[in-house]
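# below are the sequence and a predicted model; questions follow.
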Amino acid sequence: MNKRAVNISSLVILLALLSLILEICLYYFIPEHIISVAIAALISLGLSHFFLEMSLDYDYCFLHAAFMTITSLAFCIVVYLMQPNPWIQYDYTMLALIIVNWLIPFAYCFIRDFVDRGPRFSDYLFFFHGMSLLFLIVYLIAIVKQHFITPLLPPYEAAAFGAHNFVPFMATGSYIEKALSNNIDISQIIIYILEMISLGIPFGFYAKVYCRNLPLLIRIAVYLFVPFLLEAIQYLTGIGRADIDDYTLSMIGTLIGIIIYHIIYSVSYNAHKRDFLEDRTVTKSLLFHLNSSI
């Protein structure tokens, strides 16, 4: 590692540390925590642009995003374990801080790679897979928490005598029908459905990304088995609830994730004649040789 690389790495860590301190101070002193999330998003966007333009390399954007994501995750876990605490309160905007610190650099660098017409910036694939691994670690923690520590539960009571529902959406549909007929607010069941679907979207996207070279039947088996495994563990451990509605909602999220992958792939191929997971320099070389042979 040369002296310039060491200096840039030190600058990245220093600015990321200052950003983290600012985020914590804003969260602590400003009651409207959404303000700290918005400021964190702007800072993350500005630093991502600065590091990429300064180094012409996605590595430093990854270093910045990894530092901010891991430290904000640690801060979130510490505050969560401290509750109840009169000095600092945990709420879901703290999760938004983690998402912002990961999503903004990822989205910014993805867009820059997409609009870049030549290999001006290097190591994007390292950045993509590094950011994906970082996300999957946080995602796994979220899955464990939402399924086995503080399980997501619908607003209606479980079936009596330990009975299980085997007809998709029968219990959920019955609850919504009764709520509408009795003028009961259905926002809780809507939030529950959206949360269950949202948890399945990242799995669908990354299962497609990392299983795309496998045969179709094996991919389908992976899509079906992983959500089933989570429900089976809940059933065997008695934690949360093992229900066909949860499995169906997870499968809807998985399908949405797969569709998102195909949309990104289609847009990338139509715009650049390449897979968004292929190195642009290799693709450019292949197209050159193909045109030469023609």
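Noted; the coordinates are in hand. Residues are numbered from 1 along each chain as shown.
# ok so Ile191 is a helix residue?
Yes: counting by DSSP: H, G, I helix; E, B strand; the rest coil, one finds Ile191 located in a helix.
# if I look at it, how far off is Leu216?
35 Å (Cβ to Cβ, to the nearest Å). The way it works is simple: take the backbone N, C-alpha and C, and place the C-beta from them, glycine included.
# which one of those two is surrounded by more residues?
Using other Cβ atoms under 10 Å as the criterion, Ile191 and Leu216 rank with Ile191 on top: 12 against 7.
# show me how this protein divides into domains.
For the chain, the domain assignment from automatic domain parsing gives the residue ranges 1-150, 156-294.
# can I get the ones you listed in a markdown table including mean pLDDT?
Rendered in a markdown table, the data for these read as follows (pLDDT from 0 to 100):
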| stretch | mean pLDDT |
| --- | --- |
| domain 1-150 | 88 |
| domain 156-294 | 82 |
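# pick the most buried one from those.
The highest mean neighbour count among those, using mean count of other Cβ atoms under 10 Å, belongs to domain 1-150: a mean of 16.
# which residues does the closest residue in space to Ile239 that isn't next to it in sequence contact?
Distance criterion Cβ to Cβ, 6 or more residues apart in numbering; nearest residue to Ile239, sequence neighbours excluded, is Phe148 at 4.9 Å. Listed by Cβ atoms under 8 Å, 6 or more residues apart in numbering, the contact set of Phe148 reads 233-234, 237, 239-240.
# what about 10 Å?
230, 233-234, 237, 239-240 (Cβ atoms under 10 Å, 6 or more residues apart in numbering).
# just the residues you listed now: which is nearest Lys273?
Nearest to Lys273, judged by Cβ to Cβ, of the contacts of Phe148 is Leu230 at 38.6 Å.
# quick revisit: list phi and psi for the residue nearest to Ile239.
Dihedral pair for Phe148: phi -130, psi -10, per degrees, to the nearest 10.
# that one and Thr254: what is the separation?
Applying Cβ to Cβ, the value for Phe148 to Thr254 is 19 Å.
# likewise Ala16?
33 Å.
# what about the helices in this protein?
All helices of the chain, identified by DSSP state H, fall at 3-29, 33-55, 59-82, 93-115, 124-144, 170-181, 187-211, 216-237, 244-272, 280-293.
# turn those helices into CSV, including distance to Tyr156.
Shown next, in CSV, are the helices of the chain (distance: least, Cβ to Cβ, whole Å):
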stretch, distance to Tyr156
helix 3-29, 35
helix 33-55, 30
helix 59-82, 27
helix 93-115, 25
helix 124-144, 23
helix 170-181, 4
helix 187-211, 8
helix 216-237, 17
helix 244-272, 11
helix 280-293, 51
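# quick check: which of the ones you listed is nearest to Pro155?
Between Pro155 and these, the tightest spacing by Cβ to Cβ is seen for helix 187-211, at 4.2 Å.
# for that closest one, packing partners?
helix 124-144, helix 170-181, helix 216-237, helix 244-272 (3 or more Cβ pairs under 10 Å, 6 or more residues apart in numbering; DSSP states H and E).
# quick one: that helix to helix 244-272, angle?
50 degrees (axes from the mean of the first three to the mean of the last three Cα atoms, to 10 degrees).
# my read: Leu42 touches Ile104, true?
Yes: taking contacts as Cβ atoms under 10 Å, Leu42 lies within contact range of Ile104: 8.8 Å.
# so which residues make contact with stretch 261-270?
With contact meaning Cβ under 10 Å, 6+ apart, stretch 261-270 is reached by 110, 113-114, 204-209, 212, 274-278.
# roughly how far out does it sit from the chain middle?
19 Å (Cα atoms, centre = their mean, to the nearest Å).
# contacts only, for Glu53.
Applying Cβ under 10 Å, 6+ apart, one finds that Glu53 lies in contact with 112, 121.
# make residue 1 into 201 and carry on from there
Shifting the count to begin at 201 puts that one at Glu253.
# any idea how far it is from Leu449?
From Glu253 to Leu449 the distance is 42 Å (Cβ to Cβ).
# and for Val300?
25 Å.
# again with Asn382
24 Å.
# got a list of contacts for stretch 224-239?
Contact partners of stretch 224-239, identified using Cβ under 10 Å, 6+ apart, comprise 219, 222-223, 240, 271-272, 275, 279, 287-289, 291-297, 299-301.
# one more time with 6 Å, if that's ok
223, 288, 293, 296-297, 300 (Cβ atoms under 6 Å, 6 or more residues apart in numbering).
# before we move on, what about stretch 419-437?
The contact list for stretch 419-437 (Cβ under 6 Å, 6+ apart) reads 347, 407, 411, 440, 442, 447, 450, 454.
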